[in-house]
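Q: Predicted structure and sequence below. I'll ask about it afterward.
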Number of protein chains: 2
Amino acid sequence: MTPSRSKVEKKVACGDCNLNRICIPHGMKPDEVEFIGAAVKRNRTIQKGEIIYRAGETFTGIFAMKSGTAKLVHTDELGNETIIAILLPGELLGFDGISSGRYLCSLVALESSSYCELGTNELDLLHQKLPNLHQILLQRTGDQFNQSIYRIAQSQRSADVRLATFLLELAERYRLRGFSPELIHLSLTRQEMGNHLGLALETISRILGRFESATFIKVEKKFIHILDADGLRRIGS
Amino acid sequence: MTPSRSKVEKKVACGDCNLNRICIPHGMKPDEVEFIGAAVKRNRTIQKGEIIYRAGETFTGIFAMKSGTAKLVHTDELGNETIIAILLPGELLGFDGISSGRYLCSLVALESSSYCELGTNELDLLHQKLPNLHQILLQRTGDQFNQSIYRIAQSQRSADVRLATFLLELAERYRLRGFSPELIHLSLTRQEMGNHLGLALETISRILGRFESATFIKVEKKFIHILDADGLRRIGS
DNA sequence: CGGTAATTTGACTCTTCTCAAGAGGCGTGG
DNA sequence: CCACGCCTCTTGAGAAGAGTCAAATTACCG
């Protein structure tokens, strides 16, 4: 599984991208989005298991998922891997490289995916045209921090709560991206879900079974139908 | 226990502060430190249990611990509190307010402490004098994110490993600040340590007892002597 | 269609939690 | 300076949640 940085295809401009409400351009004026669009390298494509960047590599810029999903993986000194985050279309990646100039984690595609790149050179050029770009980047980075605070807090709760919350969170993030919040596509294996939530894969399987018995969800191969979101929410209280 | 924002005392300038190697000024030229020093409100003091900021308050700026320790506490919708981080002298706080303009967590003093403040107004003024301030803030924010990634990864490991790693990490952070890395002062209760590490307070007590039996450490009231750091490290492998 | 990977399910184990009781420490006020 | 009360810490016993191991079933890929 050799990683490959695939060919660049110029396609939909940022202004026309259906993800521009949640991607970097969010909150920008049309002419500002134009600048961003000119700087972005669009639609790089990768296959399942290939990497967008690897831990330890020099920071080359910020990325945005365009289609597909990816996992942000941290590997400790003993080789233990932890899935820190799941990235959906429109979400930004690469912030783990901001601090030291080297990426702390690796970013691995969970399925065939495409993404856009805002390279460091392009970012530098953009700063001249968009004085508030720094402010935007700062806020996005702060948002990554806040999300991880939320995750740390979640990690204290029981297995049921963590899984229920995870499903609801995925549904909500899909909803914000214009996908159905009732039918969520799991690009993760039970193994990966367990790793992400700090649970054994068998535990994931059992809890999903219990949720299904309680008719909160319906599991169908790689899809989960959310039948009773309020039921799932009640688990957390 | 009413929170109070205590009086401002102008004291040691940033250039003379013994923490300037690890605080905001780290890596700056003397004249740049001068600018920072002029903008910082120094040596606000608070007592144990008082707050520096409260979750939900409008972002008023970045702070730096000058002496003492504090805890960054997240409270979820059910009122569950989670200690996200422990802050030591020279460490920066307030990054949980960068994203939304409101602090996500509360910052509570663990003992009598003092801190410096870089308010939003001062930050804005500074930007004109220090064009690279944005870059520095961005890196510091990214660093907070990276630290929380590290914490998420730790949260997957066993109780022994988490506690051993926590002690070693505290020792190292104290060492970087010029304190003895062998004798660490615990401003936290067992309860708070447990909360921070996702363990029951009894578990903390028992593991510390075990570490003491193995002569890795010596517990003496609120102090922990690290007798065998390598022994503690071996627990993690 | 065969082989491999992923999932489910059961039985059992183990880590950690909870509950409970007692000891120790610290500050306050007499 | 001592006594009291409160908070923190320790220690034990039992319970529970989640992990591990194992085997059978199902899904997926070429």
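A: Nice, I can see it.
Q: what pLDDT does A:Gly15 get?
A: With respect to pLDDT, A:Gly15 has a value of 86.
Q: Give me the neighbour count for the closest residue to it other than its chain neighbours.
A: Using Cβ to Cβ, 6 or more residues apart in numbering or on different chains and skipping the chain neighbours, the partner closest in space to A:Gly15 is A:Val33 (5.0 Å). All C-beta atoms are positioned from the backbone trio N, CA, C, and that covers glycine. Residues lying near A:Val33 (other Cβ atoms under 10 Å in any protein chain shown) number 22.
Q: Nearest the middle, which residue of chain A would you pick?
A: A:Leu87 (1.2 Å; Cα atoms, centre = their mean).
Q: separation between that residue and A:Cys14?
A: A:Leu87 sits 18 Å away from A:Cys14 when distances are taken as Cβ to Cβ, to the nearest Å.
Q: do the same with A:Pro25
A: 5 Å.
Q: what touches both of those two?
A: Counting by Cβ atoms under 8 Å, 6 or more residues apart in numbering or on different chains, the contacts common to A:Pro25 and A:Cys14 are A:33, A:36-37.
Q: Turn these into JSON lines, columns for secondary structure.
A: Supplementary listing: the shared contacts of A:Pro25 and A:Cys14 in JSON lines, determined by DSSP: H, G, I helix; E, B strand; the rest coil:
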{"residue": "A:Val33", "secondary structure": "helix"}
{"residue": "A:Ile36", "secondary structure": "helix"}
{"residue": "A:Gly37", "secondary structure": "helix"}
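Q: Please render the residues you listed as JSON lines that adds distance to A:Arg177 and pLDDT to the earlier fields.
A: Rendered in JSON lines, the data for the shared contacts of A:Pro25 and A:Cys14 read as follows (distance: Cβ to Cβ, whole Å; pLDDT from 0 to 100):
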{"residue": "A:Val33", "distance to A:Arg177": "18", "pLDDT": "91"}
{"residue": "A:Ile36", "distance to A:Arg177": "19", "pLDDT": "90"}
{"residue": "A:Gly37", "distance to A:Arg177": "19", "pLDDT": "90"}
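Q: which one among those gets closest to chain B?
A: Ranked by distance to chain B (Cβ to the nearest Cβ), these are led by A:Ile36 at 17.5 Å.
Q: mind listing what the closest one touches?
A: Taking Cβ under 8 Å, 6+ apart, we find A:Ile36 in contact with A:14, A:24-25, A:28, A:118, A:126, A:130.
Q: before we move on, the earlier item: quick one: the residue nearest to A:Gly15 and A:Asp16 touch, right?
A: No: at 9.8 Å, A:Val33 does not count as touching A:Asp16 under the criterion of Cβ atoms under 8 Å.
Q: Just checking: what are the partner strands of the lowest-mean-pLDDT helix or strand in chain A?
A: Across the helices and strands of chain A, mean pLDDT, DSSP states H and E gives its lowest value to strand A:41-46, namely a mean of 87. For strand A:41-46, the paired strands and their directions (DSSP bridges) read strand A:113-119 (antiparallel).
Q: so after the strand it pairs with, what's the next helix or strand?
A: helix A:120-129 (DSSP states H and E).
Q: So what angle separates the directions of that following helix and strand A:113-119?
A: 60 degrees (axes from the mean of the first three to the mean of the last three Cα atoms, to 10 degrees).
Q: Would you mark the buried spots in helix A:120-129?
A: By neighbour count on 16 or more other Cβ atoms under 10 Å in any protein chain shown, the buried set for helix A:120-129 is A:122-123, A:126.
Q: State the distance from the residue nearest to A:Gly15 to DNA strand C.
A: As defined by Cβ to the nearest atom of the strand, to the nearest Å, A:Val33 lies at a distance of 38 Å from DNA strand C.
Q: Distance check, that residue against A:Ile24.
A: Plainly put, A:Val33 is 9 Å away from A:Ile24 if you go by Cβ to Cβ.
Q: Likewise for A:Ala85?
A: Shown here: A:Ala85 relative to A:Ile24, a distance of 17 Å by Cβ to Cβ.
Q: Can you confirm whether the top helix by length along chain A lies near chain B?
A: Of all the elements of type helix in chain A, the one with the most residues (DSSP state H) is helix A:133-154. Yes: part of helix A:133-154 sits near chain B under the criterion Cβ under 8 Å from any Cβ of the partner chain, namely A:134-135, A:137-146, A:148-153.
Q: CA atoms only: put that helix into PDB for me.
A: In PDB, the C-alpha atoms belonging to helix A:133-154 read as follows (Å, rounded to 0.1, in the frame of the first residue of the first chain):
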ATOM      1  CA  LEU A 133      -7.000  35.000   6.700                       C
ATOM      2  CA  HIS A 134      -4.800  34.800   9.700                       C
ATOM      3  CA  GLN A 135      -7.800  35.400  11.900                       C
ATOM      4  CA  ILE A 136      -9.800  32.700  10.100                       C
ATOM      5  CA  LEU A 137      -7.000  30.200  10.400                       C
ATOM      6  CA  LEU A 138      -6.700  31.000  14.100                       C
ATOM      7  CA  GLN A 139     -10.300  30.400  14.700                       C
ATOM      8  CA  ARG A 140     -10.300  27.200  12.700                       C
ATOM      9  CA  THR A 141      -7.400  26.000  14.800                       C
ATOM     10  CA  GLY A 142      -9.100  27.000  18.000                       C
ATOM     11  CA  ASP A 143     -12.100  25.100  16.800                       C
ATOM     12  CA  GLN A 144     -10.000  21.900  16.500                       C
ATOM     13  CA  PHE A 145      -8.900  22.400  20.000                       C
ATOM     14  CA  ASN A 146     -12.400  22.900  21.200                       C
ATOM     15  CA  GLN A 147     -13.500  19.700  19.400                       C
ATOM     16  CA  SER A 148     -10.800  17.800  21.100                       C
ATOM     17  CA  ILE A 149     -11.900  19.100  24.500                       C
ATOM     18  CA  TYR A 150     -15.300  17.800  23.800                       C
ATOM     19  CA  ARG A 151     -13.800  14.400  22.900                       C
ATOM     20  CA  ILE A 152     -11.800  14.300  26.100                       C
ATOM     21  CA  ALA A 153     -14.900  15.000  28.100                       C
ATOM     22  CA  GLN A 154     -16.800  12.200  26.200                       C
END
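Q: ok so, going back, show me which of the shared contacts of A:Pro25 and A:Cys14 is closest to DNA strand D.
A: Proximity of those to DNA strand D (Cβ to the nearest atom of the strand) peaks at A:Gly37, which lies at 33.8 Å.
Q: Close to DNA strand D: what parts of chain A are there?
A: Contact residues, chain A versus DNA strand D (Cβ under 7 Å from any atom of the strand): A:158-160, A:194, A:198-200, A:202-203, A:221-222.
Q: Just checking, which of these comes out lowest on pLDDT?
A: Checking pLDDT across the residues of chain A next to DNA strand D, the minimum falls on A:Lys221 at 84.
Q: From A:Leu188, how far off is the closest residue to the residue nearest to the centre of chain A other than its chain neighbours?
A: In this structure, A:Leu87 finds its nearest non-sequential neighbour in A:Ala70, 4.5 Å apart by Cβ to Cβ, 6+ apart. For A:Ala70, the distance to A:Leu188 (Cβ to Cβ) stands at 11 Å.
Q: before we move on, what about A:Val219?
A: Plainly put, A:Val219 is 13 Å away from A:Leu188 if you go by Cβ to Cβ.
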